[in-house]
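Asks: Pasted the sequence and its predicted model underneath.
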Amino acid sequence: MKLAVITGAAQGIGRRTAELFAAAGYSLALLDLQPCAATLASLRECEAVDFSGDLSDEAVVEAAAEAIRVRWNQVDVLVNNAGISSIARAERMEAKTFRRVLEVNLVAPFLLARAFGKRMLEQRSGSIVNVASIAGLAGIADRAAYNASKHGLIGLTRTLAAEWGGRGVRCNAVCPGWVKTEMDVADQASGSYTDEDIVGVNPMGRFASPDDIARAILFLADPAQSGFVNGHALVVDGGWTTDASWQSLRLSHR
């Protein structure tokens, strides 16, 4: 039985990822700040356990890693999906907010990769998939902390790929465009953007769904499908970052 550790599994991309991995025959260790009761209830015929806690806390990560080692004594996949957003102009952003976003979006994935990567290196096999963003590839205004954290996460991905690939542990990233999740609903509530702002500039004319991203994660995790893919940032954005059209030209092709 294969084991996947999935963070941010209580909702959104993380929940859908858990469902797909369960269907693919994995046992699951689900990590989130909040309990994953709804996700666990959605799983069928799957051994799954959730662990609640702040993943930017080194002690929380190490305790979860030890509990998982005792229960399964293996780990095949780590999906670093947990993250938070922050929308504010850079000149108005407080340093404590900037630090908190980096702690959750960048430091926590490092702590988790270190904790579970050690076991993978002992096994000489494993796959780490970090959920980054197109905000890790380009600048998006009013998101200095979020952009910085996702740029850093792609850098971490490439570094771990370089260090660990020769010992059987692959590390890749998925870079979603805007995804229709609970995070999007919360961000839109601030009034900073609308559905049309996203749909209008995406060549495919829609948001990504959690399923779109989860299937890319499963692909990168599976050595039978992507066994020689290492250090890659897979963009799953409907073509957003490839489209340099202006708005009237873009819409003329819908």
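Replies: Yep, that arrived.
Asks: Test my guess that Asn202 contacts Asp237.
Replies: Yes: applying Cβ atoms under 8 Å as the test, Asn202 and Asp237 come out as touching, 7.4 Å apart. (Glycine included, C-beta is placed from N, CA and C.)
Asks: Pull up the overlap in contacts between the two.
Replies: Contact criterion Cβ atoms under 8 Å, 6 or more residues apart in numbering; residues shared by Asn202 and Asp237: Gly177.
Asks: Tell me which of these two has more neighbours.
Replies: Asp237 (22 against 19; other Cβ atoms under 10 Å).
Asks: Excluding chain neighbours, give the residue nearest to that one in space.
Replies: Gly177 (3.1 Å; Cβ to Cβ, 6 or more residues apart in numbering).
Asks: Over to Pro203?
Replies: In this structure, Pro203 finds its nearest non-sequential neighbour in Gly239, 3.9 Å apart by Cβ to Cβ, 6+ apart.
Asks: any idea how far the one you found is from Arg206?
Replies: Distance of Gly239 to Arg206, computed by Cβ to Cβ, to the nearest Å: 11 Å.
Asks: Settle it for me: which of these two has more neighbours?
Replies: Using other Cβ under 10 Å as the criterion, Gly239 and Arg206 rank with Arg206 on top: 15 against 11.
Asks: Make sure Asp32 is actually in contact with Gly12.
Replies: No: look at Asp32 against Gly12 with Cβ under 8 Å: they stay out of range, at 10.5 Å.
Asks: give me the number of residues near Arg124?
Replies: Neighbour count of Arg124, defined by other Cβ under 10 Å: 11.
Asks: bridging residues for the residue nearest the centre of the chain?
Replies: When Cα atoms, centre = their mean is applied to the chain, the residue found nearest the centroid is Val131 (2.3 Å). Following DSSP bridges, Val131 is listed with bridge partners Val174.
Asks: And the pLDDT for it?
Replies: Val131 is assigned 98 on the pLDDT scale.
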